[in-house]
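1. I need the structure of the sequence given here:
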Amino acid sequence: MNFATLVLANLGRNKVRTILTTLSIFVALFLFCSVRAVTDTLQDTINVGNESRLITRNKTSLVFPLPMGHLERIRALPGVTAVTWSNWFGGTDPVDTRSFFAQFAIDAKTYLPMYDSDLAIVDASPAPGVSAPAGMDPRLAAFMNERTAAIIGEGLMKKKGWKLGQTIRINGTIYPGSWLFVIRAVYRPKVKGLDDMTMYFHWDYLYENSNRQADVGVFSLELADPNRAGQIIKTVDAVFENSPAPTRTETERAFQAGFVSMMGNIPFVVRVLGGAIAFAILLVAMNTMMAAIRERTSEFGVLKTLGFSDAYLFALVLAEAALITLGGGVAGALFARFLVASGKVALPFFPPMSVHWETVFTGIGLAAFMGAVSGLVPAWQTARLRIVDALRRVA
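-> Next up, the predicted model:
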């Protein structure tokens with residue numbers, strides 16, 4: 001009997017305990033990686049930002065709008081090649097009021113060309129006899145020529161069961177009333193981390209039907225040279241420093257990071273929670289391994305009598321612990337990655353959750369560490385065990 005078969009034989013002595021211990025490690029690493037998926041997803045959200053674009057918002061707070069009068073002054077600044085704007089709508093689906101999704105009013109003729117590298121139109125209503133503006137996907141003709149038209153994310157379409165051409169009703173919160181929209185196009189993200197659970201519609205529709213009360217939520221600026229971003233940021237904010245609506249301008253990536261930071265120190269909480277889970281299961285695994293070794297004290301005495309060395313028995317016990325923890329840990333980490341990647345787990349207002357391979361490998365490394373620590377003490381006790389003390393326990 002070689003080393004490997006001896007390890008497997010020992011693990012099979014108490015199958016129920018081995019299975020339950022492996023499952024406990026599986027659950028621990030699954031929870032560890034699933035919890036870390038929150039920080040991975042937040043990082044993906046930050047990375048969506050394009051360094052060649054700037055975001056200008058109200059300096060006081062994101063909830064305060066900017067006047068449309070800022071547009072031409074921003075557009076005239078050197079180094080700014082294009083400007084568009086958008087506004088948060090904040091409506092709810094009257095059919096399912098608990099199902100949150102984002103809605104943005106956009107200036108489509110400037111917004112869609114600027115974000116063409118981020119959004120791909122995968123389906124759209126036909127529009128015989130009309131055409132989309134030059135430089136825009138021709139399939140958007142129906143959307144561009146209909147005031148109440150909307151573009152919906154592919155994931156949101158599936159979740160809601162909506163169909164292309166369907167008229168949907170959204171109840172306004174910031175802008176009260178019952179708003180009707182016609183789904184004229186469906187988009188799919190081109191960039192990892194960008195969600196497919198958002199609705200875009202014409203800013204003009206919002207402006208005209210809110211008694212011209214709607215202003216601009218944020219301006220998006222496209223730069224000729226991203227290396228001049230710092231200089232242009234200072235210039236934009238200096239222009240409006242003494243205006244009734246001063247601005248704060250930053251790169252799109254910094255804006256995303258600032259938005260994520262509004263949720264508090266979630267990464268710290270997540271790391272503490274994941275560490276607590278791993279530590280608790282480590283204690284369980286260590287206790288299980290020590291109990292198993294105590295039961296086999298006389299057996300180790302017999303093995304030593306037969307000539308098995310202390311080093312061999314040390315490695316044997318350590319290998320048993322490692323096999324249990326690594327087997328359960330690898331399975332739990334991989335299961336978390338593929339379950340989360342399947343889209344069955346999601347956070348509102350964020351892109352589809354993901355578990356990075358870095359997190360998976362961290363989990364596997366943690367499982368290996370747990371195996372080493374949980375097996376080290378029993379292995380050390382076994383190696384130091386004297387034959388006389390071990391055989392004294394033989395019935």
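
2. give me the three-state assignment for Q103.
-> Three-state assignment for Q103 (DSSP: H, G, I helix; E, B strand; the rest coil): strand.

3. and R188, helix, strand or coil?
-> Strictly by three-state DSSP, R188 counts as strand.

4. ok, now how distant is it from V330?
-> Look at R188 and V330: by C-beta to C-beta, to the nearest Å, they are 33 Å apart. C-betas here are computed from N, CA, C, even on glycine.

5. go on, K15?
-> For K15, the distance to V330 - C-beta to C-beta - is 20 Å.

6. now do the same contact list for A379.
-> Going by C-beta atoms under 8 Å, 6 or more residues apart in numbering, A379 touches L313, F314, A315, L316, V317, L318, A321.

7. in CSV, list those residues along with neighbour count and distance to G301.
-> Below are those laid out as CSV (neighbours: other C-beta atoms under 10 Å; distance: C-beta to C-beta, whole Å):
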residue, neighbour count, distance to G301
L313, 17, 10
F314, 19, 15
A315, 17, 18
L316, 20, 14
V317, 25, 14
L318, 22, 19
A321, 27, 20
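
8. which residues of the stretch 101-250 of the chain fall in strands?
-> 102-106, 119-124, 149-153, 167-172, 177-189, 198-202, 218-223, 247-251 (DSSP state E, counting those that start in this stretch).

9. what residues are up against R147?
-> R147 makes contact with H202, D204, Y205, E208, according to C-beta under 8 Å, 6+ apart.

10. what of G327?
-> G327 is in contact with T22, I25, counting by C-beta under 8 Å, 6+ apart.

11. and the helix or strand where it lies, how far out from the chain middle?
-> Using DSSP states H and E, G327 sits within helix 310-341. Averaging C-alpha positions (C-alpha atoms, centre = their mean, to the nearest Å) puts helix 310-341 26 Å from its chain's average.

12. find out how far the helix or strand following that helix is from the centre of the chain, if you would.
-> Once the chain leaves helix 310-341, the next helix or strand it forms, by DSSP H and E, is helix 357-384. Here the centre of helix 357-384 is set off from its chain's centre by 28 Å, with C-alpha atoms, centre = their mean.

13. list the buried ones in helix 357-384?
-> With burial defined by 16 or more other C-beta atoms under 10 Å, the residues of helix 357-384 counted as buried are 359-360, 362-364, 366-367, 370-371, 373-376, 378-379, 381-383.

14. repeat that for stretch 233-242.
-> Going by neighbour count (16+ other C-beta under 10 Å), the buried part of stretch 233-242 is I233, T235, V236, D237, V239, F240.

15. from the residues you listed, which is closest to G79?
-> T235 (8.1 Å; C-beta to C-beta).

16. and the nearest residue to the closest one once chain neighbours are set aside, how many neighbours?
-> Among residues not flanking T235 along the chain, L77 sits closest, at 5.9 Å (C-beta to C-beta, 6 or more residues apart in numbering). As a burial measure, L77 scores 13 neighbours (other C-beta atoms under 10 Å).

17. any low-confidence regions in the stretch 251-395 of the chain?
-> Within the stretch 251-395 of the chain, the segments meeting pLDDT under 70 span 258-267, 282, 285-286, 289, 293-294, 297, 341-352, 388-395.
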